[in-house]
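**Student:** generate coordinates for the sequence data below:
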Amino acid sequence: MSDALAGVIARQGSRVYRMAWSCCRAEADDITQEVFLRYLKKQPNFHDEEHRRAWFIRVTVNCCNKLWGSAWRRKTVALEETLAWETPEDSELHDALQQLPPKYREVIHLYYYEDMPTADIAAALHRKDATVRTQLTRARELLRQILKEEDDVSRTLSAHEPSDCTG
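**Tutor:** Residues are numbered from 1 along each chain as shown. Down below sits the predicted model:
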């Protein structure tokens, strides 16, 4: 592997993988590999680092969308993976994020995890800026509802646990 390619992978690899993971979970390794294969085949020229970043995000989203639309994906069932989280809240948030439709997961990931402004997200996803802002608002509301429902369920379950009191 050339030093130039190793440098690109070192700078962009974690971003591509995180984006793929937020969209496709178990297939994140395959998506990441596909993105860098496309980079090698095309060898695009970038104006600056921001252009490079946007290209990698756009190609990652395209690869994820291609996977979501594939016949193989529609006819398989994903295995549940167990992940180690630092706190229970991290696990709950991750589970809630996975319940969102992919279009909402994409904008949430780019906005909160990649610290991209909505204008840059709109450009990377080929959407209008207003659409991205609306999707962020709707995604936040859905997350609130999902997390509230989970909290209500856990309260109901804990209220119905048998007491340890012996009379």
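**Student:** nearest spatial neighbour of the residue positioned nearest the centre of the chain, chain-adjacent residues omitted?
**Tutor:** Residue closest to the mean C-alpha point of the chain, counted by Cα atoms, centre = their mean, is S22 at 1.8 Å. The shortest distance from S22 to any non-neighbouring residue, by Cβ to Cβ, 6 or more residues apart in numbering, is to H109 (4.0 Å). Using the backbone N, CA and C atoms, a C-beta is placed for each residue, glycine as well.
**Student:** does the one you found touch C24 like I think?
**Tutor:** No - with contact defined as Cβ atoms under 8 Å, H109 does not reach C24; the gap is 11.5 Å.
**Student:** surely V35 and Y17 touch.
**Tutor:** No - V35 lies out of contact with Y17 (Cβ under 8 Å); the separation is 9.1 Å.
**Student:** okay, these two: which has more neighbours?
**Tutor:** V35 (25 against 17; other Cβ atoms under 10 Å).
**Student:** separation between the more buried one and V61?
**Tutor:** V35 sits 10 Å away from V61, going by Cβ to Cβ, to the nearest Å.
**Student:** before we move on, what about M19?
**Tutor:** If you measure M19 against V61 using Cβ to Cβ, the figure is 7 Å.
**Student:** which residues do these two both contact?
**Tutor:** E106 (Cβ atoms under 8 Å, 6 or more residues apart in numbering).
**Student:** more crowded one of these two?
**Tutor:** M19 (28 against 23).
**Student:** just for this protein, where's the confidence low?
**Tutor:** Where the chain drops to pLDDT under 70, the residues are 1, 68-91, 152-167.
**Student:** what ranges do the helices span in it?
**Tutor:** In the chain, the helices defined using DSSP state H lie at 3-24, 28-42, 49-69, 71-74, 88-98, 102-108, 118-125, 129-159.
**Student:** buried residues in stretch 51-60, which are they?
**Tutor:** Neighbour counts using 16 or more other Cβ atoms under 10 Å place 52-57, 59-60 of stretch 51-60 among the buried residues.
**Student:** show me what it is in contact with.
**Tutor:** 8, 12, 15-16, 19-20, 23, 31-32, 35, 38-39, 44, 46, 110, 114, 120, 123-126.
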